[in-house]
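Undergrad: Just a sequence and a predicted model for now, questions to come.
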Amino acid sequence: MNPFPPFKQLKSGSRIPAIGLGTFGSDKYSPDQVAEAVIGAAEVGYRHFDCAAVYGNEREVGGALRAIVGNGVAREDLWITSKLWNNRHGNPERACEESLADLGLDYLDLYLIHWPFPNYHAPGVDVSARDPHAKPYSHDAYMQTWRGLERLAKRGLVREIGTSNMTISKLAGVLRDAEIPPAANEMELHPHFQQPELFDFVVANGILPIGYSPLGSPSRPARDRTPEDTSDVDDPVILEIAERRGVSPAAVCIMWAVSRGQVAIPFSVKRHQYEESFAAACADPLSPEEMARIAGINRNCRLIKGQVFLWPGASGWEDLWD
Ligand SMILES: NC(=O)c1ccc[n+]([C@@H]2O[C@H](COP(=O)([O-])OP(=O)(O)OC[C@H]3O[C@@H](n4cnc5c(N)ncnc54)[C@H](OP(=O)(O)O)[C@@H]3O)[C@@H](O)[C@H]2O)c1
């Protein structure tokens with residue numbers, strides 16, 4: 001095993017650790033539990049933390065980051081991502097300044113537009129919740145928000161700007177009209193949801209793919225569960241590779257992510273889990289044969305469907321994804 005995680009390079013030349021700790025507590029883990037995990041993960045070797053205003057814990061995570069820097073880790077060696085929540089599309093600069101204040105930082109390494117819709121949901125809602133003012137995607141509205149992110153980059157408050165939960169057609173429009181193109185796109189990626197076309201599109205356009213829910217989000221909130229969902233860590237191919245290598249199925253999912261070339265941001269508050277995920281990211285890559293076998297188990301099973309962002313008149317969650 002290598003002692004350090006691999007890095008991926010962004011188009012600008014910046015280097016981002018290929019594994020980061022997610023910080024969304026899935027409506028299940030408290031802000032203090034997540035903050036404690038951030039400190040523990042830094043002890044294990046994590047330097048990349050995936051935050052967001054809507055996770056409701058940026059103040060506590062900020063306290064953890066201060067402790068990490070206080071323990072001797074240089075700020076420049078950390079990679080901190082945050083995200084603009086849907087109800088702040090109208091004023092991204094103010095929202096980013098608030099995240100910076102909560103996190104106790106002078107700058108973010110990456111700031112993302114969390115979802116391409118200005119449609120709000122309150123924390124902890126169930127799958128039937130709808131914003132009565134919800135709207136379908138508007139390229140013009142998105143570009144206005146994007147201009148705000150470009151201003152943040154020019155002001156030096158964020159080093160890189162990016163997108164999340166996008167599709168090829170939405171991204172193609174942004175690439176056409178952006179002054180500063182997206183450096184990264186955060187997207188759901190795990191063996192049962194590999195999104196090969198979008199993955200190839202972002203890579204071909206110099207955008208780094210950051211894969212969320214890399215373990216198939218086994219602890220996701222009830223609003224993100226449907227009966228047809230499948231489980232990556234129970235897939236026979238994942239189980240067989242795990243057994244042959246003497247590692248857990250979760251470790252195989254992380255090895256697959258890093259071997260494929262995406263950044264993985266697993267969440268956990270349990271030390272043995274985040275330690276294991278970190279070790280998996282540092283391990284030798286999977287073999288071409290193992291990669292080919294996992295390529296064959298894609299089920300196109302989107303878990304984070306986004307039903308709560310639907311607008312009046314939409315026919316179903318598929319409308320969110322073009
Ligand atoms: N951009 C976006 O819209 C977006 C959307 C979703 C997520 N994200 C980001 O991605 C991060 C991760 O996503 P996620 O939490 O949905 O999914 P995930 O990382 O695939 O799943 C996390 C869960 O997996 C279990 N786990 C973690 N490590 C494990 C290990 N080594 N072995 C066995 N089980 C393990 C834990 O379950 P238990 O706690 O039950 O043990 C943990 O709560 C989030 O925290 C967030 O930062 C971004």
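TA: Structure's in. What do you need?
Undergrad: Contacts only, for the nearest residue to Glu98 once chain neighbours are set aside.
TA: Of all residues not flanking Glu98 in the chain, Ala53 sits nearest, at 7.1 Å (C-beta to C-beta, 6 or more residues apart in numbering). C-beta here means a position set from N, CA and C on the backbone, and glycine is covered the same way. By C-beta atoms under 8 Å, 6 or more residues apart in numbering, the contact list for Ala53 reads 82-85, 88, 95, 98-99, 102.
Undergrad: now with 10 Å?
TA: The contact partners of Ala53, by C-beta atoms under 10 Å, 6 or more residues apart in numbering, come to 82-85, 87-88, 95-96, 98-99, 102-103, 114.
Undergrad: Which positions in the stretch 101-250 of the chain make contact with the ligand?
TA: Contacts of the stretch 101-250 of the chain with the ligand, taken as C-beta under 6 Å from any ligand atom, map to 114, 164-165, 186, 212-220, 248, 250.
Undergrad: can I get the CA coordinates of the one helix or strand Cys96 maps to in CSV?
TA: Assigned by DSSP states H and E, Cys96 falls within helix 92-103. Extracted as CSV, the C-alpha positions of helix 92-103 are listed here (Å, rounded to 0.1, in the frame of the first residue of the first chain):
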residue,chain,number,x,y,z
PRO,A,92,-24.2,33.0,-4.8
GLU,A,93,-21.6,35.5,-3.6
ARG,A,94,-23.4,36.1,-0.3
ALA,A,95,-24.1,32.4,0.1
CYS,A,96,-20.4,31.5,-0.5
GLU,A,97,-19.3,34.2,2.0
GLU,A,98,-21.6,32.6,4.6
SER,A,99,-20.1,29.2,4.0
LEU,A,100,-16.6,30.6,4.3
ALA,A,101,-17.5,32.3,7.6
ASP,A,102,-19.1,29.1,8.9
LEU,A,103,-16.1,27.0,7.8
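Undergrad: got the buried residues for that helix?
TA: By neighbour count with 16 or more other C-beta atoms under 10 Å, helix 92-103 contains the buried residues 92, 95-96, 99-100, 102-103.
Undergrad: What residue in the protein comes nearest to the ligand?
TA: Gly22 (2.3 Å; C-beta to the nearest ligand atom).
Undergrad: How about the backbone phi and psi for that residue?
TA: Torsion angles at Gly22 (phi, psi; degrees, to the nearest 10) stand at phi -70, psi 160.
Undergrad: For the closest residue to Lys305 other than its chain neighbours, list the residues it contacts.
TA: Leaving out its chain neighbours, the residue that sits closest to Lys305 by C-beta to C-beta, 6+ apart is Trp317, at 4.1 Å. Neighbouring residues of Trp317 by C-beta under 10 Å, 6+ apart: 127, 226, 302, 304-310.
Undergrad: Out of those residues, which end up buried?
TA: Here, 16+ other C-beta under 10 Å leaves 302, 304-310 buried among the contacts of Trp317.
Undergrad: surely Tyr107 meets Leu152?
TA: Yes - checked against C-beta atoms under 10 Å, the pair Tyr107 and Leu152 is within contact range at 9.4 Å.
Undergrad: Compare these two (neighbour count), which wins?
TA: Leu152 (24 against 15; other C-beta atoms under 10 Å).
Undergrad: Do I have it right that that one meets Leu112?
TA: No - using C-beta under 10 Å, Leu152 is not in contact with Leu112; the gap is 11.5 Å.
Undergrad: Mutual contacts of these two, please.
TA: With C-beta under 10 Å, 6+ apart as the test, Leu152 and Leu112 both reach 84, 158, 161.
Undergrad: Next step: the contacts of Trp317 restricted to helices.
TA: Among the contacts of Trp317, no member falls in helices (DSSP state H).
Undergrad: Max pairwise distance over those: which two?
TA: Thr226 and Phe309 (15.5 Å; C-beta to C-beta).
Undergrad: Now do the contacts for the residue nearest in space to the middle of the chain.
TA: By C-alpha atoms, centre = their mean, the mean C-alpha position of the chain lies nearest to Tyr212, the distance being 4.1 Å. Listed by C-beta under 10 Å, 6+ apart, the contact set of Tyr212 reads 20, 22, 24, 50, 164-165, 186-190, 262-267, 303-304.
Undergrad: could you pull out the strands for this protein?
TA: Applying DSSP state E to the chain gives strands spanning 7-9, 15-17, 21-22, 48-50, 79-84, 108-113, 158-164, 184-188, 208-212, 263-264.
Undergrad: out of those strands, deepest packed?
TA: Across the strands of the chain, averaging neighbours per residue (mean count of other C-beta atoms under 10 Å) puts strand 263-264 on top, at a mean of 29.
Undergrad: Include distance to Ala64 when you put the contacts of Trp317 into CSV, please.
TA: Converted to CSV, the contacts of Trp317 look like this (distance: C-beta to C-beta, whole Å):
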residue, distance to Ala64
Val127, 31
Thr226, 34
Arg302, 31
Ile304, 25
Lys305, 31
Gly306, 29
Gln307, 32
Val308, 28
Phe309, 29
Leu310, 35
